[in-house]
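Enquirer: Return atomic coordinates for the entry below.
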Amino acid sequence: MSADDDEYKRVYSRALAMVAARARSTSGLRKKLIDKGESPAIVDRVIARLVEQRFVDDRAFAAAKARSAVAKGRSSRRAAMEVAHAGVDRAVAKAVVEEALDERGEDEIALCTRAAQKKVRSYASLDRAERRRKLYGFLARQGFSSDAIKKALAKVLDAPSADDEEIESDP
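Expert: Residues are numbered from 1 along each chain as shown. Presented below is the predicted three-dimensional model:
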C-alpha cells in the first residue's frame with residue numbers, strides 16, 4: 001500500500017464525515033478540505049468518488065437550500081444569491097429557487113406580501129406615509145423588485161383592516 005493510497009483513504013474518511021455532518025456542495029467541500037491542508041489532486045479524486053456514490057449532489061443540495069430560503073420568505077433574488085454563495089452554479093441556483101416557489105405555489109409577489117404583512121406590525125405606531133416608506137425600504141433591502149413591492153404594499157397597506165370594517169359597521 002502506497003503513501004498516496006493512505007492519504008486518499010484518510011481524505012476520503014474526512015470528507016465522508018464532513019458530508020455526514022451536513023450536506024455540502026462539491027465546491028464547498030473542496031474548499032473546506034483544501035483549507036484544512038489536503039492535497040488538491042487527492043481532494044478532486046475523493047470528490048469525484050463521492051459524487052459517483054451520490055454522497056455529494058449539488059442539485060439536491062441546492063434544492064434543499066432554495067426550499068429553506070423560500071420558506072423563510074426570502075426574495076427569489078436573495079434566495080438564489082444564498083444558494084450560489086454556498087457554492088452552486090448561478091444558473092442552477094436560479095432554477096432551483098423557481099422550482100421551490102412552484103412547489104409552494106407562490107410567486108415573488110406572494111413572498112413579498114408575506115414579508116410585508118410580517119414586518120408592518122413593527123411599524124404600527126408610525127403614520128401612514130412613514131410606515132409605507134419604511135416598509136418599502138425594508139422590502140427593497142430584502143431583494144424584492146419595485147413592482148413586487150408596490151403590489152405587496154397595495155395589498156397590505158391599502159386594504160381595509162378588520163378594525164376599519166368594525167368602525168364602519170357600527171351605527
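Enquirer: and residue 77, what is it in contact with?
Expert: The contact partners of residue 77, by C-beta atoms under 8 Å, 6 or more residues apart in numbering, come to 143, 144, 145. For every residue, glycine as well, the C-beta is placed using N, CA and C.
Enquirer: Hmm, residue 94 is touching residue 80, no?
Expert: Yes - at 4.8 Å, residue 94 counts as touching residue 80 under the criterion of C-beta atoms under 8 Å.
Enquirer: Closest to residue 54 out of the contacts of residue 77?
Expert: residue 143 (32.3 Å; C-beta to C-beta).
Enquirer: Please report phi then psi for that closest one.
Expert: phi 100, psi 10 (degrees, to the nearest 10).
Enquirer: and the longest helix along the chain, what other elements does it pack with?
Expert: The residue-count maximum for a helix in the chain (DSSP state H) belongs to helix 3-21. Contact partners of helix 3-21 among helices and strands, from 3 or more C-beta pairs under 8 Å, 6 or more residues apart in numbering; DSSP states H and E: helix 26-35, helix 40-52.
Enquirer: Include distance to residue 88 when you put these into JSON lines, please.
Expert: Rendered in JSON lines, the data for the helices and strands packed on helix 3-21 read as follows (distance: least, C-beta to C-beta, whole Å):
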{"stretch": "helix 26-35", "distance to residue 88": "8"}
{"stretch": "helix 40-52", "distance to residue 88": "14"}
